[in-house]
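Enquirer: Dropping a prediction and its sequence here:
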Amino acid sequence: MVFAAPGEALAGAEEVLAADPAPLRASVAHQVIGIWQRDFGDLRLALAHLRRARDLAARADSAEREADVLATLGVALVHAGRTRQGLAAFERGVARGAGHTRARVLYRRAYVWWVLGRHREALEDVRRAVPVLRQADDVIWTARALTLRATVHLALGAVERADADFTAAEALWDTTGQEHDKADAVESRGLAAFRSGDIPAALRLLDEAEERYAKLGTPTFMLNIRRCEVLMAAGLAPEALAEADGAIAALDGIGGQSTRKAELLLAAARAARLAGDPQTAIARAAVAVRLFAGQRRTWWETHARLVLIEARVAAGRGSGRLVAHAAAVAAKLASFGAPAAPEASLLAGRVALGLGWTADAERHLAVAARSRRSGPPPARVTGWVAQALRAQAAGSARGVLEACRRGLDVLDEHRMTLGASELRARATAQGAELAALAQRASLVPGGPRRLLVWSERWRATVLSAPPTRPPADPALLSGLTAFREIAARAEAARMEGRPVPALEREQRRLEREIRSRTLHMRGDASGDGHRFEPGRLLERLGDGTRLVELAVLDGRVHVLLCGQGRVRRFEAGLLADAEKEAEHVQAGLRRLAHPGAEARLPVVEAAGRRLEELLLGPAAGHLGAGPVVVVPPGRLHRVPWALLPSMRDRVVSVSPSASSWLRARETAPPPDGRQVLVRGPGLATRGAEVPELAGRYAAPTVLEDDDARVTRVLEELDGAALAHIAAHGTFRADSPLFSALRMADGPLIVHDFERLARSPYRIILSCCDTARFASVGADELLGLVTALLPLGTAGVVACSAPVNDAAVVPLMLALHKGVGAGLSLAEALRDARAAMPGDAVHQATGWAFSAFGAA
């Protein structure tokens, strides 16, 4: 019962003990309490109860009872870090038990071998136990043994064998009432999905298991560890670190298993390293190494040492000693048959290369490169990185480019299995090194054209295909509705000056639920279906338009100027300097949004001149007189390009990539030419441009006041030719897909837009912060504008800074005048800026808006 209804089992055992039972019954009751405390409570209490159960079994002179208790005690001792004592208890248990009881003891010893990382011994004990358990028709323990064997197979990378065992175990669990075991089986299937590369399914199954555990009221430390693994693979390392640290604190709070604490520390160390925090990774990994060593868990200790070495290298501590340590770890992992062995070989080779030890590097990289032919996507990518580094060391640019192409193709296939745009964006981080290696290798042999191809290869890839449409999931739709209601109430309370901690907590809970359900979606798109071709781009640009793509190599901006049938390359400034200058410009624009800051205008204009020098360098003198399309890297998304002197009076549009500009250019407008005008609540001007615009268009749909509700707005936006939304915008750097426009009934968020069958062909967002993005993955952007572009929107006008509401009105009226005259959004925005008054507020307002796309 302790794994079917844990609370009832605990209460029943305590009731038995209260009746002063005979030794045999008392032994069973103490064992039940010991199991409950071992797995769900205080390990020290567990050991006390299990020792009492063992002594009572001996008093009852029951060898079978004593063997059973010794097995339970052995598991608890190993979890407490007393490995030698635990294994000795198992030796006595195997000797005391016979037949069916011995098979149960062997199963539990197999579990301990798995905890210790001794997988061959685990498989041997399960091999001995399963036939006996089946012969005894012991469904529950047979299912447990099969689940364990599947988990061991996963640790050894044998996914197909694991799947077969999980399937057989699941069929057996369906015939029982073992709810905790069933939850564990769902959790294990989540692990199997992850090992086979299906991250959405893994997240869904782990969430389902967590719900099952919650109903039983039991802790979920093993699930925390597994979710950390999946989150890291999905590019969500900061969330994995928070999950691991939270679980460690909870485990410490109940005096839980030291074995689980060591595993959680290892997960936290991995997450910290991936999150770019090597010092935290070193601290966590060092403690994990000590704990695993004390627990005599060599397999785990070796994995922790790998993370410790990786973190030290990331902290800039590369040395010959680390090469030797990494090589030793690689050899030990290979002897275990651990899938992480190629990572260790790659690490040894990488550090050796950095030291100039080419022969050593080649030896280690050759071993790592073997993994490129088989296994899950991360393992194959590791192999292709190693192969690229080998080619680089050998001076073969062609070999580097071929390895990078093959590795990025593997990641492309993996990315497209992910339905959520956030997961697709974050997954690109795994290809960042391959993309950088390819760009460096392409600098000389193929000239600027080849560099352009490789710059495009791993830039804004999320826009290459629309995200999977969220399913008509009643729970998701209900969650979105509840989120809007709570968010609207919280905003109203804040405006009245009332504290809203309860509402904010509920809003955060709903956000987690919505995001969780969205991440479960599996991809159903296959991307563009074609590679980027510079010739096609140059043909579309013609003679008059220039496209400026900014590539970053080793921290320096390289300007690829495309137009007049050729691609030219210019070197500009350092990316870090440009980022700092862009932040100064943003601060200046914020100040200029308020009257009385006119003195800041020359300062902002001077910053614009410095930005031009850093970002364009000598290319600024070769832009010609026609329109310019700017393709910046993700970290420069907030640059107000119209502020740069060479762009000030010209038609300028921005695009996340040259490929996305081409797609926008080739997107046909909808046939009906429908216009939608939306006016949200709470604007200082009450969206004063909307009534006047309503009179300019023939029969626009106007949504304002109570009509401007999220569901109605989405219905009207779907498939519109032109949409204008005047509403407060909020950018969420912590969760960009919850960036929102405020409607009458609450926020219209990015997740809502992703439900559109086709977003408006052109959309004008006359509100603050709608052109802000989160830069994630290798070079991806998440935000409102980038959510619209793959859904059918060819052109967007949006704002990257806070602006003066009153100054926005004339800018918008002038912009629509140009659109009505047949101009593109970029042309109309250029003319609108020129028509604005010359004071600082109006000038800053014009600079803060940018045109995206090609419509």
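Expert: Cool, the structure landed. Bear in mind that the values here come from a model prediction, so they are computed numbers and not experimental data. Residues are numbered from 1 along each chain as shown.
Enquirer: where exactly do the helices run in the stretch 151-300 of the chain?
Expert: With DSSP state H, counting those that start in this stretch as the criterion, the stretch 151-300 of the chain has helices at 159-173, 179-195, 199-216, 221-233, 237-253, 258-274, 278-294, 298-314.
Enquirer: out of those helices, deepest packed?
Expert: Across the helices of the stretch 151-300 of the chain, the average number of neighbours (mean count of other C-beta atoms under 10 Å) peaks for helix 258-274, which reaches a mean of 25. C-beta here means a position set from N, CA and C on the backbone, and glycine is covered the same way.
Enquirer: quick check: mean pLDDT across it?
Expert: On average, the pLDDT along helix 258-274 is 94.
Enquirer: Let me have the helices of the stretch 151-300 of the chain in JSON lines, adding distance to R505 as columns.
Expert: Shown next, in JSON lines, are these (distance: least, C-beta to C-beta, whole Å):
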{"stretch": "helix 159-173", "distance to R505": "36"}
{"stretch": "helix 179-195", "distance to R505": "26"}
{"stretch": "helix 199-216", "distance to R505": "17"}
{"stretch": "helix 221-233", "distance to R505": "21"}
{"stretch": "helix 237-253", "distance to R505": "16"}
{"stretch": "helix 258-274", "distance to R505": "25"}
{"stretch": "helix 278-294", "distance to R505": "27"}
{"stretch": "helix 298-314", "distance to R505": "34"}
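Enquirer: The ones you listed: which one's closest to V604?
Expert: Among the helices of the stretch 151-300 of the chain, helix 237-253 comes nearest to V604, with 33.3 Å by C-beta to C-beta.
Enquirer: For that closest one, give the mean pLDDT please.
Expert: Mean predicted confidence for helix 237-253 is 93.
Enquirer: returning to that earlier point: right, and the helices of the stretch 151-300 of the chain - which one's nearest E716?
Expert: Of all the helices of the stretch 151-300 of the chain, helix 199-216 sits nearest to E716, with 31.1 Å by C-beta to C-beta.
Enquirer: So for E506, which of the helices of the stretch 151-300 of the chain sits nearest?
Expert: Per C-beta to C-beta, nearest to E506 of the helices of the stretch 151-300 of the chain: helix 199-216, 17.4 Å.
Enquirer: neighbouring contacts of the closest one?
Expert: 5-7, 179-180, 182-184, 186-187, 189-191, 193-194, 219-220, 223, 226-227, 230, 233-234, 417-420, 423, 516, 519-523 (C-beta atoms under 8 Å, 6 or more residues apart in numbering).
Enquirer: Now find how far off-centre that helix is within its chain.
Expert: Chain-centre distance of helix 199-216: 18 Å, with C-alpha atoms, centre = their mean, to the nearest Å.
Enquirer: mind starting the numbering at 8 from now?
Expert: Sure, I'll start counting at 8 from here, so that last one is helix 206-223.
Enquirer: if you average pLDDT over that helix, what comes out?
Expert: For helix 206-223, the per-residue pLDDT averages 89.
Enquirer: same question, stretch 847-862
Expert: Here the average pLDDT along stretch 847-862 is 93.
Enquirer: distance between the ends of that stretch?
Expert: 29 Å (C-alpha to C-alpha, to the nearest Å).
Enquirer: Please state the offset of that stretch from the chain centre?
Expert: With C-alpha atoms, centre = their mean as the basis, the mean position of stretch 847-862 lies at 32 Å from the chain mean.
Enquirer: repeat for stretch 389-398
Expert: Between the centre of stretch 389-398 and the centre of its chain there are 24 Å (C-alpha atoms, centre = their mean).
Enquirer: who wins for proximity to E605 among the helices of the stretch 158-307 of the chain?
Expert: helix 244-260 (41.3 Å).
Enquirer: Can you tell me what sits against the closest one?
Expert: Applying C-beta under 8 Å, 6+ apart, the external contacts of helix 244-260 come out as 226, 228, 231-232, 234-236, 238-239, 263-264, 267-268, 271-272, 274-275, 277-279, 281-282, 284, 287.
Enquirer: Kindly recompute the last result at 6 Å.
Expert: 228, 231, 235, 238-239, 268, 271, 274-275, 278-279, 281-282 (C-beta atoms under 6 Å, 6 or more residues apart in numbering).
Enquirer: What of stretch 371-383?
Expert: Counting by C-beta under 6 Å, 6+ apart, 204, 349, 352-353, 355-356, 386-387, 389-391, 393-394, 396-397 sit against stretch 371-383.
Enquirer: The same query, at a cut-off of 7 Å, please.
Expert: 164, 202-204, 334, 346, 349, 352-353, 355-356, 359, 386-387, 389-391, 393-394, 396-397 (C-beta atoms under 7 Å, 6 or more residues apart in numbering).
Enquirer: how long is that stretch from one end to the other?
Expert: 21 Å.
Enquirer: list the buried ones in it?
Expert: By neighbour count on 16 or more other C-beta atoms under 10 Å, the buried set for stretch 371-383 is 371-372, 374-376, 378-379, 382-383.
Enquirer: Dump these to JSON lines, plus distance to T468.
Expert: Shown next, in JSON lines, are the buried residues of stretch 371-383 (distance: C-beta to C-beta, whole Å):
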{"residue": "H371", "distance to T468": "30"}
{"residue": "L372", "distance to T468": "27"}
{"residue": "V374", "distance to T468": "30"}
{"residue": "A375", "distance to T468": "25"}
{"residue": "A376", "distance to T468": "25"}
{"residue": "S378", "distance to T468": "23"}
{"residue": "R379", "distance to T468": "21"}
{"residue": "G382", "distance to T468": "23"}
{"residue": "P383", "distance to T468": "20"}
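Enquirer: a markdown table for those residues, including pLDDT?
Expert: Shown next, in a markdown table, are the buried residues of stretch 371-383 (pLDDT from 0 to 100):
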| residue | pLDDT |
| --- | --- |
| H371 | 95 |
| L372 | 96 |
| V374 | 95 |
| A375 | 94 |
| A376 | 95 |
| S378 | 91 |
| R379 | 91 |
| G382 | 77 |
| P383 | 77 |
